[in-house]
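Trainee: below is the sequence, then the predicted model.
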Amino acid sequence: MRCPYCGHQDSRVLDSRPAEEGSSIRRRRECPSCGRRFTTYERVEAPALLVVKRDGRREPFDRAKVLGGLVKARGKRPIPTEVLEALAAEVEREVRNSGEPEVSSSRIGELVMERLRAVDEVAFVRFASEYRRFQDVESIVEEVARLRARKEREEQLRRQVPLLPLAEGQGNGKH
Ligand SMILES: [Zn+2]
């Protein structure tokens, strides 16, 4: 490592120790030319992850962008920011764990939606409509219809349960 004071090409390591909770190594160095000391940090470089957008352009994955979309979808819904941050982190982990150097923006959207649906349906629909705005308006309509149908089924089931004690092997309501 080049000395920052005199520009000498080499330096001697006096001491190495873990820093930043083990995510880096701190090295104390001494320049053999001018004798001054300085510190360097060694970190693992996060492998590059590129997002392929719909128009084919690529840009580095940015978790803050995912979070931004979630915050926008939240609106005034009572969802703590930490929940959204954890969701964005989980999506990043999943994408990185795939080991692929590239991921499509629509795949990221799907991963976000899968999770957001379980958190808050209104925010989910808002996110889905924003995300798919240019892609497929029909799918949002279907999504909403599916949600409604599911709610109705659940509602029906709740009403039925006290009235109809279910016999074994029956009771799925299908004819
Ligand atoms: Zn020096």
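Mentor: Yep, it's here. Quick caveat: nothing in here was measured; it's all calculated off a predicted structure.

Trainee: residues of this structure that sit close to the ion?
Mentor: Residues of the chain lying close to the ion (C-beta under 5 Å from the ion) are 3, 5, 6, 8, 31, 33, 34. Quick note: C-beta positions are derived from backbone N, CA and C, even for glycine.

Trainee: repeat that with 8 Å
Mentor: Applying C-beta under 8 Å from the ion, one finds that the chain approaches the ion through 3-8, 11, 31-36.

Trainee: please produce a PyMOL select command covering the buried subset of those.
Mentor: Burial among the residues of the chain next to the ion is assessed by 16 or more other C-beta atoms under 10 Å; the matching PyMOL selection reads:
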select buried, resi 3+11+31
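
Trainee: next step: the residues of the chain next to the ion restricted to helices.
Mentor: Counting by DSSP state H, none of the members of the residues of the chain next to the ion fall within helices.

Trainee: take the residues of the chain next to the ion and write them to a markdown table, including distance to residue 145.
Mentor: Listed next are those as a markdown table, based on distance: C-beta to C-beta, whole Å:
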| residue | distance to residue 145 |
| --- | --- |
| 3 | 68 |
| 4 | 64 |
| 5 | 69 |
| 6 | 72 |
| 7 | 69 |
| 8 | 71 |
| 11 | 67 |
| 31 | 70 |
| 32 | 74 |
| 33 | 74 |
| 34 | 74 |
| 35 | 75 |
| 36 | 71 |
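
Trainee: of the residues of the chain next to the ion, which is the nearest to residue 127?
Mentor: residue 4 (47.0 Å; C-beta to C-beta).
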